[in-house]
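*Asks:* Pasted the sequence and its predicted model underneath.
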Amino acid sequence: ADMGLWGATTLAAVIGNFDRIAAIVTGRFIVFVVILTEMARQAHHPHALVVPVMTGGITAACLISIRAAGAPAAPLPPPLPGIGLRAKLRRWGRSCRSLSACQFPLRLSVLMALTLAMDVLWPERHVLWAALTVALLCRRPLEPVPIRASQRALGASLGVLLSCLFLFHAPSGGAFIVFLAGLGIASMVARKHNYMLYSMVATPLIMVLVGGGKPIGEAILVDRLVSTIVGAALLVAVNVVVAKMMKIL
């Protein structure tokens, strides 16, 4: 499973070099495939996850379409001259031969290999959270010390403290729904304004989702906090090494 996850994320990163739309789609795929892998490990019937995931995706697509249809019309800028499919394919092929162009797939592949190797060595320590940290923080533009790495590490630490207020006991049905809805709304608002705050509210939300609503013990919270810090540290280290390689080459 870890080898399959590494292959899927690496292939997605390479495909994302095709064009901007491919980069957006594959970037979201990389994050969600890691989340779904962790959810599948916690679920008694992993295949049953297909139904709620597809339902959520279709519902979100419909809501976005309705909102877009009801938005007031605005004058569109004149279309830019497009690039043909053959030109994109040639450019994509050239990107595989240049370190500066393929640095993102290289960095993501190395980082996923390191974090998934940790998951193999310590399967009981919930180290897959480090892979999720890498998937969330690794961006296509190379930034040796990304600001988001420190923001996510601090936000995740605060998110663990927030989780302690709620996740040590089995929530009632109503409280569970209200808690999830509140975290979901807060994460959507915070994502556009403050990434540290977004990380803080998204951490317990993702914990609840991957845990299937079951109470989360202190050991899991500590494991995920340590994994977040380790994932961020590995990201900075790999970014620095690749940046130096690009200067040399």
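*Replies:* Great, that's in hand. Numbers count the residues shown, from 1 in each chain.

*Asks:* Count the neighbours of His7 for me.
*Replies:* One correction, residue 7 is Gly, not His. 12 (other Cβ atoms under 10 Å). The C-beta positions use only the backbone N, C-alpha and C, and glycine is treated the same way.

*Asks:* can I have the one helix or strand it maps to written out in PDB, keeping just the CAs?
*Replies:* Secondary structure from DSSP states H and E places Gly7 in helix 2-15. Extracted in PDB, the C-alpha atoms of helix 2-15 (Å, rounded to 0.1, in the frame of the first residue of the first chain):
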ATOM      1  CA  ASP A   2       2.800   2.400   0.800                       C
ATOM      2  CA  MET A   3       4.600   1.600  -2.500                       C
ATOM      3  CA  GLY A   4       1.300   2.200  -4.300                       C
ATOM      4  CA  LEU A   5       0.800   5.500  -2.500                       C
ATOM      5  CA  TRP A   6       4.300   6.600  -3.400                       C
ATOM      6  CA  GLY A   7       3.800   5.700  -7.000                       C
ATOM      7  CA  ALA A   8       0.500   7.400  -7.300                       C
ATOM      8  CA  THR A   9       1.700  10.700  -5.800                       C
ATOM      9  CA  THR A  10       4.900  10.700  -7.800                       C
ATOM     10  CA  LEU A  11       3.100  10.100 -11.000                       C
ATOM     11  CA  ALA A  12       0.600  12.800 -10.200                       C
ATOM     12  CA  ALA A  13       3.400  15.300  -9.600                       C
ATOM     13  CA  VAL A  14       4.900  14.500 -13.000                       C
ATOM     14  CA  ILE A  15       1.500  14.800 -14.800                       C
END
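
*Asks:* Can you list the buried residues in the very next helix or strand once past it?
*Replies:* Following helix 2-15 in sequence order, the next helix or strand is helix 20-42 (DSSP H and E). Going by neighbour count (16 or more other Cβ atoms under 10 Å), the buried part of helix 20-42 is Ala22, Ala23, Thr26, Gly27, Phe29, Ile30, Val34, Ile35, Leu36, Thr37, Glu38, Met39.

*Asks:* Give me the angle between helix 20-42 and helix 2-15.
*Replies:* Inter-element angle recorded for helix 20-42 and helix 2-15: 170 degrees (by axes from the mean of the first three to the mean of the last three Cα atoms, to 10 degrees).
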